[in-house]
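In: fold the following, please.
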Amino acid sequence: MTSITIIGAGNIAAGVARIGLDAGAQVQVLARDAEKAAALGSGESFTSGVVGDEITGELVVLALPYPAVPEVLAQYAGRLDGKVLVDPTNPVDFATFDSLVVPADSSAAAQIAALAPTTKVVKAFNTNFASTLASGKVADQSTTVLVAGDDNDAKATLVDLVRAGGLKGVDAGSLKRARELEALGFVQMTLAGSGATQWTTGFTLAD
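Out: A predicted model of the protein is given here:
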């Protein structure tokens, strides 16, 4: 069974941890605050620690604010070779909430791939609000997780994990599609931020 390490202990981390545990995966959570990491799971399949500890997961989910990612990647330099690096970040300019902070012809995922060239970067979970990962539902539909990346085996591993965790997993194409996924995530955030939708709703593909 797939093993997963989640770096971060916020709401997205909690949602992904739940998916992993429901899928029967070995789940490790690492965070700056050891108590917050430990609070995201329990049982024999769950371990926790602090950022800097050795990573045990085959999949490594960067459940962090986008600006925090480079520091964490630098801390793990040389220790991520061959890992599948899952990027759920939305690189939003939170000062204005009106733009993304990556170049128009790039994406956060592409920037991360450049910083960690010995990993297999996959974009996923950024089009999902944390509440829909935790519940597995958008209204009466199963939550859909879109997965983009250039390594087909890496994508398949994550899609299989998502499906085993009770959600829909869909291959959204190459890592180039991360740009569009980040735009979709951004639009959902601005809609919820303006009150046009709720933070408990979100994107899914209807049956």
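In: from now on I want contacts and neighbour counts done on CA atoms only, so please keep to that.
Out: Will do.
In: buried ones in the biggest helix by length in the chain?
Out: For the chain, the longest helix by residue count, based on DSSP state H, is helix 178-194. Using 16 or more other C-alpha atoms under 10 Å as the test for burial, helix 178-194 gives 178-179, 181-186, 188-189, 192.
In: for the protein, which spans come out with low pLDDT?
Out: For the chain, applying pLDDT under 70 flags the ranges 1.
In: excluding its backbone neighbours, what's nearest the most centrally placed residue in it?
Out: Compute the mean C-alpha point of the chain, and by C-alpha atoms, centre = their mean the closest residue is residue 88, 3.1 Å away. Excluding its sequence neighbours, the residue lying closest to residue 88 (C-alpha to C-alpha, 6 or more residues apart in numbering) is residue 126, at 4.4 Å.
In: for the one you found, which three-state class applies?
Out: coil (DSSP: H, G, I helix; E, B strand; the rest coil).
In: quick check, it in contact with residue 92.
Out: No. Contact between residue 126 and residue 92 fails when scored by C-alpha atoms under 8 Å: they sit 11.4 Å apart.
In: re earlier: could I get the buried residues of helix 178-194 in TSV, plus columns for distance to residue 9?
Out: As requested, the buried residues of helix 178-194 are arranged in TSV below (distance: C-alpha to C-alpha, whole Å):
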residue	distance to residue 9
178	23
179	25
181	23
182	21
183	24
184	24
185	20
186	21
188	22
189	20
192	22
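In: and the residues you listed, which is closest to residue 163?
Out: residue 181 (19.4 Å; C-alpha to C-alpha).
In: who are the contact partners of that closest one?
Out: 126-127 (C-alpha atoms under 8 Å, 6 or more residues apart in numbering).
In: do residue 98 as well
Out: Residue 98 neighbours (C-alpha under 8 Å, 6+ apart): 92, 190.
In: mind checking how far it is from residue 186?
Out: In this view, residue 98 and residue 186 are 9 Å apart by C-alpha to C-alpha, to the nearest Å.
In: same question, residue 147
Out: Taking C-alpha to C-alpha, one finds residue 147 at 16 Å from residue 186.
In: cool, residue 161 as well?
Out: 25 Å.
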